[in-house]
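In: quick check, what structure comes out for this input:
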Amino acid sequence: MRSEVMQDIYDPKFVEELFDEMSGSYERMNYITSFGFSARWRRQLVEQAKLQEGQVVADLLTGMGECWKPILKQVGPQGKLIALDFSEGMLRFARAYQQKFPGADIQILQEDLFENSIPNQSVDRVISGLGMKTFSEAQIHSFAKEVYRMLKPGGKLSFMDVAVPNNKLLRWPYFFYLKRVIPVLGWLFIGNPENYRMLGIYSERFGNAEKFARIFREHGLQVEHQAYFYGCASGLVGSKPN
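Out: Residues are numbered from 1 along each chain as shown. Below you'll find the predicted structure:
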């Protein structure tokens with residue numbers, strides 16, 4: 001059984017193994033845990049990046065490629081998508097999904113986000129959907145440095161994840177849902193409620209993206225915190241100065 005007491009839940013290897021195990025049911029569970037809004041939030045995430053034709057976009061923690069369709073539609077055939085994740089389980093589905101976009105320039109990288117091969121100042125946009133909650137504070141600093149490094153001057157970023165609503169009337173049913181209902185659904189889908197209990201723990205510790213906003217500003221990025229659906233989702237939009 002996984003335990004946040006016995007293990008460092010932010011250790012990259014721990015997170016990688018967790019997502020490898022969940023990969024077969026993760027998209028269904030994302031839909032359920034986001035109350036059916038995950039697809040809509042991802043579209044909003046991409047819209048806020050203000051993509052243009054021919055641009056190079058890095059989709060960090062790409063998962064199974066859930067953000068690819070709106071990205072590729074906006075950058076067009078002359079654009080490029082760099083999809084990075086460290087989970088082999090997730091990327092197995094992403095590689096299969098890639099076949100639905102013949103002719104599209106999609107580069108899949110199975111790499112550690114903090115030690116990746118994306119060149120300095122080589123991408124116009126950086127996007128990340130539903131992956132922020134798995135970072136410790138030290139890792140957020142490293143994440144900010146990597147985003148700054150890979151973005152071209154004037155390049156934009158857009159991130160989003162499931163968050164904890166500030167509204168007290170929503171918080172109690174929200175936490176009951178995360179801590180009690182979601183593990184049961186995880187047991188129904190994959191026979192392991194502990195994996196999906198971890199998503200609740202990550203979400204509770206994440207809270208919202210305000211800490212990300214503060215740390216990203218410390219590293220020279222111009223960002224604003226965004227809240228969606230009464231605070232049930234939280235993210236950043238911003239840019240690297242010219």
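In: give me the three-state assignment for the residue sitting furthest away from the middle of the chain.
Out: Within the chain, Leu169 marks the point farthest from the mean C-alpha position, 26.7 Å out by C-alpha atoms, centre = their mean. For Leu169, the assignment made with DSSP: H, G, I helix; E, B strand; the rest coil gives helix.
In: Arg180 belongs to a helix?
Out: Yes: under three-state DSSP, Arg180 falls within a helix.
In: remind me, longest strand of this protein?
Out: strand 151-162 (DSSP state E).
In: all strands for this structure, in order.
Out: 56-60, 80-85, 105-110, 123-129, 151-162, 222-228, 233-239.
In: what packs against the longest one?
Out: What that stands for is strand 151-162. Applying 3 or more C-beta pairs under 8 Å, 6 or more residues apart in numbering; DSSP states H and E, one finds that strand 151-162 makes contact with helix 38-48, strand 123-129, helix 193-206, strand 222-228, strand 233-239. Using the backbone N, CA and C atoms, a C-beta is placed for each residue, glycine as well.
In: buried ones in that strand?
Out: Leu151, Lys152, Gly155, Lys156, Leu157, Ser158, Phe159, Met160, Asp161, Val162 (16 or more other C-beta atoms under 10 Å).
In: tell me the one among those residues nearest to Glu115.
Out: Leu151 (17.5 Å; C-beta to C-beta).
In: returning to that earlier point: and the buried residues of strand 151-162, which two are furthest apart?
Out: Farthest pair in the buried residues of strand 151-162 (C-beta to C-beta) is Lys152 and Val162. Separation: 29.5 Å.
In: low-confidence bits of this structure, can you list those?
Out: In the predicted model of the chain, residues 1-7, 29-36, 185-186, 188-193 satisfy pLDDT under 70.
In: and Met160, how far from Gln44?
Out: Distance, Met160 to Gln44, using C-beta to C-beta, to the nearest Å: 7 Å.
In: touching both of the two, which residues are there?
Out: Tyr228 (C-beta atoms under 8 Å, 6 or more residues apart in numbering).
In: in a markdown table, list the helices and strands packed on strand 151-162 along with distance to Phe175 and mean neighbour count.
Out: As requested, the helices and strands packed on strand 151-162 are exported to a markdown table (distance: least, C-beta to C-beta, whole Å; neighbours: other C-beta atoms under 10 Å):
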| stretch | distance to Phe175 | mean neighbour count |
| --- | --- | --- |
| helix 38-48 | 19 | 19 |
| strand 123-129 | 23 | 25 |
| helix 193-206 | 7 | 20 |
| strand 222-228 | 18 | 17 |
| strand 233-239 | 16 | 23 |
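In: any chance of those in TSV, with distance to Asn116 too?
Out: Output for the helices and strands packed on strand 151-162, formatted as TSV (distance: least, C-beta to C-beta, whole Å):
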stretch	distance to Asn116
helix 38-48	20
strand 123-129	11
helix 193-206	22
strand 222-228	21
strand 233-239	19
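In: now Gly200: closest residue in space that isn't a chain neighbour?
Out: Nearest residue to Gly200 in three dimensions, chain neighbours excluded: Leu178, at 3.6 Å (C-beta to C-beta, 6 or more residues apart in numbering).
In: ok, which of the helices and strands packed on strand 151-162 comes nearest Leu61?
Out: Judging these by C-beta to C-beta, what sits closest to Leu61 is strand 123-129, at 5.3 Å.
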